[in-house]
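A.B. asks: for reference, the sequence and a predicted model appear below.
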Amino acid sequence: MEQAVALLDQHRHSIKVLAGGQSLLPIMALRLGPPEQLLDIARLPDLDRIDVDDDGSVTIGALVTHARAEQSDDLARWAPLVHEAMPQIGHRAIRSRGTVVGSLAHADPAAEMPAVALATGATMIAQSTAGVREIPADRFFTGFLDTALQANELLTAVRFPPWPPAARSVVVEVSRRHGDYAMVGLACGLAFVDGVDDVDQASGRVIDDAALSFFGMASTPVRPSKQKSCFWGRF
């Protein structure tokens, strides 16, 4: 890691980080600003982990692929909105190489993961020669394919906060074909009032909090202003 961030610091204006390569390599193939150097992080230790903390927060390392996240029981239990987004990302071949953190660093506004990170209030963890910096999702995505990540910083992980046990989540999108980038999509998390957690036995459910994040609509994922309110309905 020390060598990697030292190289980033030395070549910050001419180097790109290679993890899964499912976003970077097509850009290079189209000659859209190919870098002079590539920093391959595939063998950096401890970046291929999915860790669940005691409070229920989940940290995904920079080398965890979409396919591994899709198959993770820990993500299905502790970060269901992340888990549910995985089957809609590209095709199986792309998910087998592309990484969760790489999608966030690429910051395509039509991609699922930036919207999921924004909806859940995730935190990006970046490392440089100056140390570790944490960047909240609502300050990370700054424009089309642009983030708050500095040129000499390596995005090493993303941390998702604890998910309420009775919460519900869904990712829906409209695309021309399965696996295409979404023309429009929504990542949604709903937290319900405590004590009503069986949808089959309840005639209605009270939404205590709703997190909505749209993708494919603007130059970044869009989360409407958060207003805490209650609605009656059946879900």
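C.D. replies: Thanks, I have it.
A.B. asks: only C-alpha atoms from now on, for both contacts and neighbour counts.
C.D. replies: OK.
A.B. asks: quick one: the strands in the protein, in order.
C.D. replies: 15-18, 37-40, 50-52, 58-61, 123-128, 131-136, 141-143, 146-147, 154-160, 168-174, 184-192, 205-215, 232-233 (DSSP state E).
A.B. asks: what is the first one packed up against?
C.D. replies: In this case it means strand 15-18. Counting contacts by 3 or more Cα pairs under 8 Å, 6 or more residues apart in numbering; DSSP states H and E, strand 15-18 is packed against strand 37-40.
A.B. asks: just to revisit the earlier point, redo the strands of the chain as TSV? Include mean neighbour count, distance to Val82 and mean pLDDT.
C.D. replies: Output for those, formatted as TSV (neighbours: other Cα atoms under 10 Å; distance: least, Cα to Cα, whole Å; pLDDT from 0 to 100):
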stretch	mean neighbour count	distance to Val82	mean pLDDT
strand 15-18	19	22	95
strand 37-40	15	25	95
strand 50-52	18	12	98
strand 58-61	23	10	98
strand 123-128	22	13	98
strand 131-136	14	16	98
strand 141-143	19	18	97
strand 146-147	16	20	96
strand 154-160	24	9	98
strand 168-174	17	9	92
strand 184-192	21	9	91
strand 205-215	21	13	85
strand 232-233	10	25	38
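A.B. asks: and of the ones you listed, who's closest to Ser72?
C.D. replies: strand 50-52 (8.5 Å; Cα to Cα).
A.B. asks: could the strands of the chain go into a markdown table alongside distance to His106?
C.D. replies: What follows is these, written out as a markdown table (distance: least, Cα to Cα, whole Å):
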| stretch | distance to His106 |
| --- | --- |
| strand 15-18 | 11 |
| strand 37-40 | 15 |
| strand 50-52 | 20 |
| strand 58-61 | 15 |
| strand 123-128 | 13 |
| strand 131-136 | 15 |
| strand 141-143 | 10 |
| strand 146-147 | 7 |
| strand 154-160 | 11 |
| strand 168-174 | 19 |
| strand 184-192 | 18 |
| strand 205-215 | 14 |
| strand 232-233 | 37 |
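A.B. asks: and of these, who's closest to Pro221?
C.D. replies: It's strand 205-215; of those, that one is closest to Pro221 (Cα to Cα) at 4.8 Å.
A.B. asks: and the chain, what are its domains?
C.D. replies: 2-160, 168-233 (automatic domain parsing).
A.B. asks: how far does the longest one sit from its chain's centre?
C.D. replies: In this case it means domain 2-160. Domain 2-160 has its C-alpha centroid displaced from the chain centroid by 7 Å (Cα atoms, centre = their mean, to the nearest Å).
A.B. asks: measure that domain end to end?
C.D. replies: End-to-end span of domain 2-160 (Cα to Cα, to the nearest Å): 25 Å.
A.B. asks: and what of stretch 110-129?
C.D. replies: First-to-last residue span, stretch 110-129, Cα to Cα: 32 Å.
A.B. asks: for that stretch, buried residues please.
C.D. replies: Buried residues in stretch 110-129, counted by 16 or more other Cα atoms under 10 Å: 110-129.
A.B. asks: cool, and stretch 29-46?
C.D. replies: For stretch 29-46, by 16+ other Cα under 10 Å, it's Pro34, Gln37, Ile41.
A.B. asks: could you dump it to PDB, C-alpha only?
C.D. replies: C-alpha atoms of stretch 29-46 as PDB (Å, rounded to 0.1, in the frame of the first residue of the first chain):
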ATOM      1  CA  ALA A  29      -9.800   1.100 -26.100                       C
ATOM      2  CA  LEU A  30     -11.700   4.100 -27.400                       C
ATOM      3  CA  ARG A  31      -8.600   6.300 -26.900                       C
ATOM      4  CA  LEU A  32     -10.500   8.600 -24.600                       C
ATOM      5  CA  GLY A  33      -7.600  10.000 -22.600                       C
ATOM      6  CA  PRO A  34      -5.500   6.800 -22.100                       C
ATOM      7  CA  PRO A  35      -3.100   7.200 -19.100                       C
ATOM      8  CA  GLU A  36       0.700   7.000 -19.500                       C
ATOM      9  CA  GLN A  37       1.000   4.500 -16.600                       C
ATOM     10  CA  LEU A  38      -1.300   2.000 -14.900                       C
ATOM     11  CA  LEU A  39      -1.200   1.100 -11.300                       C
ATOM     12  CA  ASP A  40      -2.400  -2.500 -10.900                       C
ATOM     13  CA  ILE A  41      -3.700  -3.000  -7.300                       C
ATOM     14  CA  ALA A  42      -4.800  -6.600  -7.800                       C
ATOM     15  CA  ARG A  43      -2.200  -8.000  -5.400                       C
ATOM     16  CA  LEU A  44      -2.400  -5.500  -2.700                       C
ATOM     17  CA  PRO A  45      -3.200  -7.300   0.600                       C
ATOM     18  CA  ASP A  46      -6.500  -7.000   2.500                       C
END
